[in-house]
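Chemist: what's the 3D shape of this:
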Amino acid sequence: MECKIKNDIGTVFISEDVMLKVVGYAALECYGIVAMSSKRAKDGLVEWLGRENLARGVQIRPVGDMLDVDLFIIVEYGISISEVCKTIVDTVRYKLESMTGVTVRKVNISVEGLRI
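Modeler: Residues are numbered from 1 along each chain as shown. Purely as a prediction, here's the structure:
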């Protein structure tokens with residue numbers, strides 16, 4: 001899925017990979033998040049992903065002309081998970097909308113683990 005933005009000058013196409021990386025970097029900027037994670041469906045193992053594989057911890061689904069974003073994260077132990085998630089939702093929505101011009105409908109966060 002790629003995003004099309006039309007304006008007076010022409011049309012801008014933004015690839016899905018770029019949007020996934022924008023979301024991944026925006027999430028990792030937030031305090032309390034340690035890493036992105038990717039859950040492998042076949043064996044249920046959770047992989048910790050560094051900055052080189054940010055897109056694997058993010059899923060984007062188009063809903064009409066808007067997007068739903070799913071994040072899979074690892075959170076630091078001792079920090080309020082609800083506050084970390086609120087910060088991530090606000091940051092991801094702001095960064096994605098301001099950088100790409102796409103409207104974000106929902107940001108769903110799945111906390112896959114804690115780092116002690």
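Chemist: Strands of this protein, start to end?
Modeler: Taking DSSP state E as the test, the strands found in the chain are 3-6, 11-14, 33-39, 46-49, 58-63, 66-76, 103-115.
Chemist: If you average pLDDT over each of the ones you listed, which is lowest?
Modeler: Out of these, the stretch the model trusts least by mean pLDDT is strand 46-49, with a mean of 51.
Chemist: residues in contact with whichever helix in the chain runs longest?
Modeler: In the chain, taking DSSP state H as the definition, the longest helix is helix 81-100. Identification of contacts with helix 81-100 by C-beta atoms under 8 Å, 6 or more residues apart in numbering yields 3, 5, 14, 18-19, 22-23, 25-27, 29-33, 67, 69, 71, 73, 75, 102-104, 107, 109, 111. No exception for glycine: its C-beta is placed from N, CA and C like everyone else's.
Chemist: And the pLDDT at the residue nearest in space to the middle of the chain?
Modeler: Closest residue to the average C-alpha location of the chain: Val23 at 3.8 Å, with C-alpha atoms, centre = their mean. Looking at Val23, its pLDDT is 91.
Chemist: mind listing what it touches?
Modeler: If you count contacts by C-beta under 8 Å, 6+ apart, Val23 has them with Leu54, Val58, Ile60, Val69, Leu71, Val92, Lys95, Leu96.
Chemist: again with Met19
Modeler: So Met19 contacts Cys3, Ile60, Leu67, Leu96, Thr100, Val102 (C-beta under 8 Å, 6+ apart).
Chemist: The fifth one and Val34: what is the separation?
Modeler: Right, the one you point to is Thr100. 26 Å (C-beta to C-beta, to the nearest Å).
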